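>>> Predicted model and sequence below, questions to follow.
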Amino acid sequence: MPEGHTVHRLAAALRAGFGEQRVRTSSPQGRFSEAADLDGWVLADAEAVGKHLFLAFVPDASVDAGAPVTRYVRVHLGLYGSWTFAGEPGFATVHAIGAPRVRIGEREEGLDDGDVDWRRIVPRPTTRLRIAGPQGLADLTGPTACEVLDAAGRQAVIDRLGPDPLRADADRRRFVDRVLASRTAIGVLLMNQDVIAGIGNIYRAEVLFRARLDPTVPGRDLTRGMVEGIWEDLVPLMEYGARTGRIVTTQPEHRDIEARIVERSRGTRQNGDEDPDVVPREKSFYVYHRQTLPCRVCATEIRSADMAARTVFWCPRCQTVRSRRATWTREHPAAPWALAPERSERP
DNA sequence: GGGACATGAAGAA
DNA sequence: TCTTCCTGTCCCG
């Protein structure tokens, strides 16, 4: 499922597609009956906080400011939720956002031939919410939450979330203090949305690898600098994700371990001929879903185990940092950000 | 057609 | 810690 970066990307797509426009709303599946109450309202804004999406609706464009009624639709995609878009050329830069595997994709390509009017696209029966504007439409399926809230309700949700690294108003210190005060494992804390909002299973595994941290280290055993380092590493990683829609955490020199092993044995160098702008998914992660494969840095077999009800992946050799007394060796240096944050290479 | 699995989280026990 | 919910895909028989 989408981690926080996806939801921010989605909010931007919805703002661009429907922002400040009058929209039709419906629930083809029938399980979001409140859609009818908002039909014909103006979608004033779309905002992401962690993995939560808030769509602000006001009654009508012609309503003067004053104290307009605002209703918020809160959407949480959960593990399976996704949005699909269709519309005029250039309406949405994305066809589908959400669940890991493709959705309307196939069908939509057929409909995108140009012969089929997007207005005639029949929603899937599972479509919880359809939003249709002058330029296009967006269909939501499979969310774990889709509900209407007032301003207080929206605020209550936000208040129980930890800081979101993708938000300019995020309070890094809240995250750092919370981690340093906890005896819970860092691998569990990172999945707790009250501690830090927007992190999911991929970013958890990957950022811990990059920090060389053992996922089981209690938060309070870490130094303030280490925890700040986790945050500072997450910000650009997630910004990249929000911008491109893809999670890439590997540094270029670690992307092709198989080739590097061959290269080393032959004592030759090879020129990379891949498009540097597109990192293939199978080269995008250090540890996520790479259990039993060799570590990209040290070739040790990547392991996996259950942690916080999800599978965590880690390198038992690289991720040995367990406390403030951690030592670095030449072969296993500190994470890039720990050495020189400002020069750490980003994807 | 059935079961496992997937970037998630709430609520019960 | 366990169960449940949301959807779609893939692999198997």
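Arrived safely, thanks for sending.
>>> What about the nearest residue to A:A197 once chain neighbours are set aside, how many residues nearby?
In space, not counting the residues next to it along the chain, A:A197 is nearest to A:G50; the distance is 2.8 Å by C-beta to C-beta, 6 or more residues apart in numbering. Placement of C-beta: from N, CA and C, glycine included. Neighbour count of A:G50, defined by other C-beta atoms under 10 Å: 26.
>>> surely A:G50 meets A:V195?
No. Contact criterion C-beta atoms under 8 Å: A:G50 and A:V195 do not qualify, at 10.8 Å.
>>> Break chain A down into its structural domains.
Domain assignment for chain A, taken from automatic domain parsing, gives A:4-159, A:172-343.
>>> Residue of the stretch 51-200 of chain A closest to DNA strand C, please.
Of the stretch 51-200 of chain A, the residue with the smallest distance to DNA strand C, taken as C-beta to the nearest atom of the strand, is A:G142 at 2.8 Å.
>>> SS state for A:G225?
Following DSSP: H, G, I helix; E, B strand; the rest coil, the label given to A:G225 is helix.
>>> So what's the residue count around the residue lying closest to A:S27 once chain neighbours are set aside?
The spatial neighbour of A:S27 that comes closest, neighbours along the chain excluded (C-beta to C-beta, 6+ apart), is A:A35 at 4.2 Å. When neighbours are counted by other C-beta under 10 Å, A:A35 registers 23.
>>> Check whether A:A35 really touches A:A132, as I assumed.
No. When contacts are counted by C-beta under 8 Å, A:A35 is not listed as touching A:A132 (11.1 Å).
>>> mean confidence for stretch A:299-316?
The predicted model assigns stretch A:299-316 a mean pLDDT of 92.
>>> can that stretch be found next to DNA strand B?
Yes. For stretch A:299-316, a contact with DNA strand B is found by C-beta under 7 Å from any atom of the strand, at A:309-311.
>>> Report the beta-bridge partners for A:V73.
A:L55, A:V148 (DSSP bridges).
>>> OK, contacts around it?
For A:V73, the contacting residues are A:34, A:38, A:54-55, A:57, A:129, A:146-149, taking C-beta atoms under 8 Å, 6 or more residues apart in numbering as the criterion.
>>> related to what we said a few turns ago, could you measure from the residue nearest to A:A197 over to A:W83?
With distances taken as C-beta to C-beta, to the nearest Å, A:G50 is found 17 Å from A:W83.
>>> ditto for A:R212
In this structure, A:R212 lies at 36 Å from A:W83, with C-beta to C-beta as the measure.
>>> higher neighbour count, the two?
Neighbours around A:R212 and A:W83, counted as other C-beta under 10 Å, are more numerous at A:W83. The numbers are 29 against 22.
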